[in-house]
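Engineer: when you get a sec, could you give me coordinates for this:
(2 chains)
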Amino acid sequence: MTLPQFAFHAPSTVDEALALLETHGARARPMAGGTDLLPRLDARRIEVDHLVYTKRIGELDRLAFAPETGLHVGANVVLADLAAFEPVRAHYPILVDAIETLATPQVRHKATMIGNLCNASPCADTAPPLMAHRGTVLVAGRSGRREVPADAFITGPGRTALEPGELACAVRIPIPPEGLRTRFLKHSPRSRVDISAVSVAVAVRLEDGLVAQADIFMGTVGPTPLRAARAEQVLLGREPTPEHLERAAAEASDECRPNTDFRATEGYKRRMVHVLVRRALAAVTGEA
Amino acid sequence: MDEVAIQLTVNGDRYAAAVLPRMTLVELLRTELRLTGTKVGCGGGDCGACTVFVEGRPINACLTLAVEVDGKEVTTIEGIALSGDVLHPVQAAFIEKGATQCGFCTPGAVMTAVHLLSTEHRPDEARIRHVLGGNLCRCTGYNKIVEAIRAAAENMRPGGAV
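Structural biologist: Reported below is the predicted structural model:
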């Protein structure tokens, strides 16, 4: 279908972009890769009079890693480059796992992590790994810059913590603490190129044989990616015995809030949360 | 609505155009530049029939605005043959192995395969199938496409040299 008409703006700085967003208000949207925005525009699910293209803003191209500060992923960084970046492969492998099953190679050469988060689908594949790693989203607005924890950024289906006129500029992920083990598992009807029916990201760290850190996030089984808080409480301060892992998985299955859709029924998704959480926890606590 | 002036290079040829912001790259290629080798399948970035290279990277032209490629180099299926007479090894292998039935997915699949073989030396079948995930084919069942890509890889040197 032919896209609706809109004006195209290509600012060179974040401040110029913010000015455009403020001037045009709710009728303006930023775009980097556009791989979610353009199909939604085409389907007339959203209306945009002013497209604020961010790819000419050099500051947003930055992809950098430092051992003290961790990873910085600018809004323009495409997923293919992020997954190929050596420090990401070394320190955040679950991000690579999530990206490599997201959409298609062609889309991954254009789509961005910021876009995936701002689109705010419950199925956003980069969200559970980012949340498990305690990442943050750097936001710019008229009153300055602020940092939003990733697990507070997506507030509902298609909704984020961005205030009107704000621009999400980058994702920051801290250096993983020593001994952190992570796993991302995604389950979907098709073997590839499918939105997940269920996804799970876990990050666990043991100290003296007891669970000192457990961050468990579930995708696609609620209105937003969800923290399995009760499952985490089962594990914290305890030995990761098969019984405790099983109980944690059962809690996660109970506390998720899936719906029935064309990919799977609610009951199946709940069952798969149980399986994937147990499998992921076993992987990060049991194997060498 | 104002048109935007853009300049782009397609298969080595320079073009200037005045486009509405809403025009997609696939519309520009097909209707303005008459390069109809690139197909529209789903129009939504799922099927890969519209796969072209922008700055050497395969993307969906249906998910790209024409204004995005201002100042950039685009390669389409029309630019893949080595010369007027000599096909790219991938194209030759598709013909030899019978990897085309209706032909609609073929330009996109060839683009994906050319990029894969230019960046990876002799990828195995699992890797080929993974990378082909963004090119849907309703006719062939993919097996002949995979065979063709493996055969083409044998005819290319490391680094993608032909």
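Engineer: and the strand or helix carrying residue A:15, what does it pack onto?
Structural biologist: Using DSSP states H and E, residue A:15 sits within helix A:14-24. Contacts defined by 3 or more C-beta pairs under 8 Å, 6 or more residues apart in numbering or on different chains; DSSP states H and E place helix A:14-24 against strand A:28-31, strand A:50-53, strand A:136-141, strand A:167-173. Where you see a C-beta, it was placed from the backbone N, CA and C, and this is true even at glycine.
Engineer: just checking: what are the partner strands of the third one?
Structural biologist: This points to strand A:136-141. Here strand A:136-141 has these sheet partners by DSSP bridges: strand A:144-149 (antiparallel), strand A:167-173 (antiparallel).
Engineer: in JSON lines: the helices and strands packed on helix A:14-24, plus distance to residue A:219.
Structural biologist: What follows is those, written out as JSON lines (distance: least, C-beta to C-beta, whole Å):
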{"stretch": "strand A:28-31", "distance to residue A:219": "24"}
{"stretch": "strand A:50-53", "distance to residue A:219": "28"}
{"stretch": "strand A:136-141", "distance to residue A:219": "17"}
{"stretch": "strand A:167-173", "distance to residue A:219": "16"}
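Engineer: is it possible to export the ones you listed to CSV including mean neighbour count and mean pLDDT?
Structural biologist: Formatted as CSV, the helices and strands packed on helix A:14-24 follow (neighbours: other C-beta atoms under 10 Å in any protein chain shown; pLDDT from 0 to 100):
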stretch, mean neighbour count, mean pLDDT
strand A:28-31, 23, 98
strand A:50-53, 22, 98
strand A:136-141, 21, 98
strand A:167-173, 23, 98
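Engineer: hmm, who's touching the helix or strand where residue A:90 lies?
Structural biologist: Residue A:90 is part of helix A:86-91, with elements assigned from DSSP H and E. For helix A:86-91, contacts defined as C-beta atoms under 8 Å, 6 or more residues apart in numbering or on different chains pick out A:65, A:71, A:82, A:83, A:95, A:96, A:175, A:176.
Engineer: dump those into TSV; add pLDDT as well.
Structural biologist: As requested, the contacts of helix A:86-91 are exported to TSV (pLDDT from 0 to 100):
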residue	pLDDT
A:65	98
A:71	98
A:82	98
A:83	98
A:95	98
A:96	98
A:175	98
A:176	97
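Engineer: can you list the residues of chain B near chain A?
Structural biologist: B:1-2, B:4, B:20-24, B:27, B:43-46, B:48, B:51, B:57-60, B:63-65, B:67-68, B:112, B:129-131, B:133-134 (C-beta under 8 Å from any C-beta of the partner chain).
Engineer: residues of the helix holding residue A:15 that come out buried?
Structural biologist: A:14, A:17, A:18, A:19, A:20, A:21, A:24 (16 or more other C-beta atoms under 10 Å in any protein chain shown).
Engineer: now do that helix against strand A:167-173, angle only.
Structural biologist: 130 degrees (axes from the mean of the first three to the mean of the last three C-alpha atoms, to 10 degrees).
Engineer: with just CA atoms, put helix A:14-24 into CSV.
Structural biologist: C-alpha atoms of helix A:14-24 as CSV (Å, rounded to 0.1, in the frame of the first residue of the first chain):
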residue,chain,number,x,y,z
VAL,A,14,19.9,15.8,19.2
ASP,A,15,18.9,19.4,20.0
GLU,A,16,17.5,20.0,16.5
ALA,A,17,15.6,16.7,16.8
LEU,A,18,14.1,17.8,20.2
ALA,A,19,13.1,21.2,18.7
LEU,A,20,11.3,19.4,15.9
LEU,A,21,9.5,17.0,18.3
GLU,A,22,8.5,19.9,20.5
THR,A,23,7.2,22.0,17.6
HIS,A,24,5.1,19.3,16.0
